[in-house]
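Enquirer: task: produce atomic coordinates for the following.
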Amino acid sequence: MRLFLLFSVLCLMTPTGYGQIHSPPGPKGDMGDVGFPGIPGSAGMAGFPGIPGQKGMPGDVGYPGPPGRRGEMGNHGECERCEDALSRDLQTLMERMAKVDQALNFDFARRVGQKYFVSKKERGSFSKAVEFCSQQGLELALPKNEEESSMLTQVFDDGNKLIWLNVNDKKSEGNFEVDMKNRPLTFTEWGEGQPDKSMEDTGCTMMTENGLWRVTRECSLNAYIVCQF
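Expert: Okay, here's the model as predicted:
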């Protein structure tokens, strides 16, 4: 009877797992199917800007772009002023052309800046020189700087190398410091002891081949006649 009861208790304990002996684990099963993607997570906070990188090399020049749209027509300028300017330019051009044409009528013609020295390569007295230039509507030559003085001496060929100058040497006019129209001289090249202010009579000024000026009483000498304009 006792053995029966003990056996019954053991049988009742078996389903509950008490007293069950554990066996070793079985082999690993096959991998299951991939599951569905999870829900995306929320974006994190933006990081701080990085340090700028070094400047890259310039790229190749691109192709020219298409022409732009034509702009609108501008306002008309002041035609009256334009015409006045054009008229002045035309007048200046005509005057220069007239000077060139006039210079071509002489055997000797040299231009220095806006001035021309011209000559027929003739010699004569001082009065003849003044008269000749006046008849041509010109003035007797008078250099105003070293460049003009050097250019004027190019008229010399041979013989008596003297040129009459447009200087007023009348004693009543004072110190030989004005031209024939009583304009002050702005440039002179007097030689040693010149001008000779001890002269009692009217003198005439001439330039020698070395560019120096001197006064002479002999105004009837044959010196080169050179005009200017």
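Enquirer: quick one, what contacts residue 219?
Expert: Contact analysis of residue 219 by Cβ atoms under 8 Å, 6 or more residues apart in numbering lists 125, 126, 127, 202, 203, 204. C-betas here are computed from N, CA, C, even on glycine.
Enquirer: pull out the buried residues from these.
Expert: Buried members of the contacts of residue 219, counted by 16 or more other Cβ atoms under 10 Å: 125, 126, 203, 204.
Enquirer: correct me if wrong: the first one contacts residue 218.
Expert: Think residue 125. No - between residue 125 and residue 218 there is no contact under Cβ atoms under 8 Å: 9.2 Å.
Enquirer: format the buried ones among the contacts of residue 219 as TSV; extra columns: secondary structure.
Expert: Putting the buried ones among the contacts of residue 219 into TSV (DSSP: H, G, I helix; E, B strand; the rest coil) gives the following:
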residue	secondary structure
125	coil
126	helix
203	coil
204	strand
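Enquirer: show me the shaky parts of this structure.
Expert: In the prediction, the chain carries residues with pLDDT under 70 at positions 1-23, 74-82, 93, 170-175, 200-201.
Enquirer: which outside residues touch the helix ranked longest in it?
Expert: Secondary structure of the chain per DSSP state H: the longest helix is helix 79-103. The contact list for helix 79-103 (Cβ under 8 Å, 6+ apart) reads 109, 111, 116, 118, 229.
Enquirer: for the third one, give the beta-bridge partners.
Expert: The residues paired with residue 116 through beta bridges, assigned by DSSP bridges, are residue 111.
Enquirer: what is the burial count for it?
Expert: Residue 116: 19 surrounding residues under other Cβ atoms under 10 Å.
Enquirer: what distance do you get for it to residue 64?
Expert: 51 Å (Cβ to Cβ, to the nearest Å).
Enquirer: quick one: residues contacting the residue nearest to the spatial centre of the chain.
Expert: Against the mean C-alpha coordinate of the chain, by Cα atoms, centre = their mean, the closest residue is residue 113 at 21.2 Å. Shown in contact with residue 113 (Cβ under 8 Å, 6+ apart): residue 147.
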